[in-house]
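Undergrad: The following block contains a protein sequence and its predicted model.
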Amino acid sequence: DTEVTQTPKHLVMGMTNKKSLKCEQHMGHRAMYWYKQKAKKPPELMFVYSYEKLSINESVPSRFSPECPNSSLLNLHLHALQPEDSALYLCASSQEGFARLAGGHDNEQFFGPGTRLTVL
Amino acid sequence: SQQGEEDPQALSIQEGENATMNCSYKTSINNLQWYRQNSGRGLVHLILIRSNEREKHSGRLRVTLDTSKKSSSLLITASRAADTASYFCATGRLQGAQKLVFGQGTRLTINP
């Protein structure tokens, strides 16, 4: 299974709502990522989890709260978002660390289809 | 910050022609990767070239890397309508988990 799944595909929420984005992979990858992508722009890294621990936070506002409950799942909890947070949110995964080097894998990332988020 | 810069920003060619996209970067890298993104969808990994490699092929794709000029190019030969997409280069540096920095992308349109 070489697929990264994301739910929901689309999400519309008000500024006072609390919602969550979900991401799942079953490739045994131990690195997982959240990206934000605005229209006609490249993806921008938000968070990186390595072995279920947060390893990179690119100074993301606290209204975005990531969670990695196990090695296959990655959540992004949303609260009190602003209209400018509307974007495509992409999840990705990759081999990590010794597993990557020992397996001779390159560190390409596998992306999910994304969640299109609209904040009203 | 995005360190990769791509040109052209948009490219429109006829089906069957070759398409060349360029990418420049600023810092030392472990590898450089190219991804494709169909409109509003996730990215698909196309090819990775390591910093000690100069050229790599995969099907109709040819990637070159010049670390002295900090630049790379992606050539798609015999283009097809299905190649219409945005193409991003991404530079990889080992920083714990892999951190990719994406270029601004090239929007490629293949006209039938």
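TA: Structure's in. What do you need? Numbering: from 1, shown residues only, chains lettered A, B, ... in the order given.

Undergrad: quick one: low-confidence parts of chain B?
TA: Within chain B, the ranges that satisfy pLDDT under 70 run B:1-4, B:94-98.

Undergrad: can you give me the strands for it?
TA: Applying DSSP state E to chain B gives strands spanning B:5-7, B:10-14, B:19-24, B:31-37, B:43-50, B:55-58, B:61-66, B:71-76, B:85-95, B:97-102, B:106-111.

Undergrad: want to try TSV for the ones you listed, with mean neighbour count and distance to A:Thr16 as columns?
TA: The way it works is simple: take the backbone N, C-alpha and C, and place the C-beta from them, glycine included. Converted to TSV, the strands of chain B look like this (neighbours: other C-beta atoms under 10 Å in any protein chain shown; distance: least, C-beta to C-beta, whole Å):
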stretch	mean neighbour count	distance to A:Thr16
strand B:5-7	17	39
strand B:10-14	13	39
strand B:19-24	20	42
strand B:31-37	24	32
strand B:43-50	19	32
strand B:55-58	12	48
strand B:61-66	18	47
strand B:71-76	20	45
strand B:85-95	21	34
strand B:97-102	24	32
strand B:106-111	18	36
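
Undergrad: Tabulate the ones you listed (CSV), appending distance to chain A.
TA: Listed next are these as CSV, based on distance: least, C-beta to the nearest C-beta, whole Å:
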stretch, distance to chain A
strand B:5-7, 9
strand B:10-14, 10
strand B:19-24, 11
strand B:31-37, 6
strand B:43-50, 4
strand B:55-58, 11
strand B:61-66, 13
strand B:71-76, 15
strand B:85-95, 6
strand B:97-102, 4
strand B:106-111, 8
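
Undergrad: The ones you listed: which one's closest to A:Glu108?
TA: The closest of the strands of chain B to A:Glu108 is strand B:43-50. By C-beta to C-beta, the value is 4.3 Å.

Undergrad: how about a markdown table for the strands of chain B, with distance to A:Ser62 added?
TA: Formatted as a markdown table, those follow (distance: least, C-beta to C-beta, whole Å):
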| stretch | distance to A:Ser62 |
| --- | --- |
| strand B:5-7 | 31 |
| strand B:10-14 | 37 |
| strand B:19-24 | 34 |
| strand B:31-37 | 29 |
| strand B:43-50 | 27 |
| strand B:55-58 | 42 |
| strand B:61-66 | 39 |
| strand B:71-76 | 37 |
| strand B:85-95 | 23 |
| strand B:97-102 | 21 |
| strand B:106-111 | 34 |
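
Undergrad: how far away is the closest residue to A:Pro43 other than its chain neighbours from A:Ile56?
TA: For A:Pro43, ignoring the flanking residues on the chain, the nearest one in space by C-beta to C-beta, 6 or more residues apart in numbering or on different chains is A:Tyr35 at 3.9 Å. Computed with C-beta to C-beta, to the nearest Å, the distance linking A:Tyr35 and A:Ile56 is 12 Å.

Undergrad: who's more crowded, these two?
TA: Higher neighbour count among A:Tyr35 and A:Ile56: A:Tyr35, with 26 against 18, using other C-beta atoms under 10 Å in any protein chain shown.

Undergrad: which residues sit in contact with the more buried one?
TA: A:Tyr35 sits next to A:Pro43, A:Glu44, A:Leu45, A:Met46, A:Tyr89, A:Leu90, A:Cys91, A:Ala92 when contact means C-beta atoms under 8 Å, 6 or more residues apart in numbering or on different chains.

Undergrad: Run a quick neighbour tally on B:Tyr25.
TA: B:Tyr25: 22 surrounding residues under other C-beta under 10 Å.
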